[in-house]
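Asker: Sequence first, predicted coordinates after that:
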Amino acid sequence: MGAARPAELDCELFGEGFFGQPANAVTSLAFVAVGLGVLASGRLRQRQRTVYGLLIVTTGAGSVIFHGPAPEWSGVVHDLPLVALIAFVAADAASDLAGRRLTDAWWLVPSVAAVAVSAIGEPVRLAAQATLATAAVGLSVLRWQARPQHRRTIVRALLVLGTGALIGTLSRSGGPLCHPDSLFQGHAVWHVMAASAVGLLTPVIGRVGSRASRLAPGR
């Protein structure tokens, strides 16, 4: 047997050709479609949404490479945009909670975080990614609490993301929903639901309210 491929923990068997894991590779394109939708939506009043759309597109492209041809370096192109996207969501929520728009220089933080997390070893890298994801979700929950006008948007995105994460976790190799040769792949479902979640979150990206508005009554 050859060396293990980077995505083998995601259950689906690898076949021949460009789409090594067909279900996981093809559904990665959901991110590309959502990102292009964000870029073409005509709602790009803030530079943040342009960056957001580009990060979603590159996350999808990296995932296609990771689950498709899966070269040795595919883990890097998978992790870099994904970590940057997670850090971006966390930073955007933090700027809204602080009631002040971040400077252009500050938006380099997601890129620095992505490079730093992707450069460290496997166990620590996974822990760092999980910590960053927890921070992004936690800050989004605080944003939900602080901005009544965005509550419906944020809760929909979090519910879709949480459901997809549960299915994806149970579908890891050796998990109860893992069937390597099945057309149904839980990790593929995770791709579609995660892409849908970041798309649902788009209306709040780049919006910054005043700190005083956090005391406004719910709607």
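Answerer: Good, I have the coordinates.

Asker: remind me which residues of the protein are low pLDDT?
Answerer: Low-confidence segments of the chain, defined by pLDDT under 70, span residues 1-5, 42-46, 103-111, 114-115, 117-123, 210-219.

Asker: Try it again at 80.
Answerer: Confidence mapping of the chain against pLDDT under 80 gives the ranges 1-7, 42-47, 101-128, 209-219.

Asker: what about the helices in it?
Answerer: With helices called from DSSP state H, the chain shows them at 22-27, 29-39, 47-67, 74-98, 109-119, 122-146, 151-170, 186-200.

Asker: could I get those helices as TSV with distance to residue 180 and mean neighbour count?
Answerer: (Each C-beta comes from the backbone N, C-alpha and C, glycine too.) As requested, those are exported to TSV (distance: least, C-beta to C-beta, whole Å; neighbours: other C-beta atoms under 10 Å):
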stretch	distance to residue 180	mean neighbour count
helix 22-27	11	21
helix 29-39	21	20
helix 47-67	13	22
helix 74-98	19	22
helix 109-119	27	17
helix 122-146	22	15
helix 151-170	14	17
helix 186-200	11	23
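
Asker: and residue 209, which of the ones you listed is closest to it?
Answerer: Across these, residue 209 has its closest neighbour in helix 74-98 (6.2 Å, C-beta to C-beta).

Asker: can you give me how far that closest one is from the chain middle?
Answerer: Per C-alpha atoms, centre = their mean, to the nearest Å, the displacement of helix 74-98 from the mean C-alpha position of its chain is 8 Å.

Asker: name the helices or strands packed onto it?
Answerer: helix 47-67, helix 109-119, helix 122-146 (3 or more C-beta pairs under 8 Å, 6 or more residues apart in numbering; DSSP states H and E).
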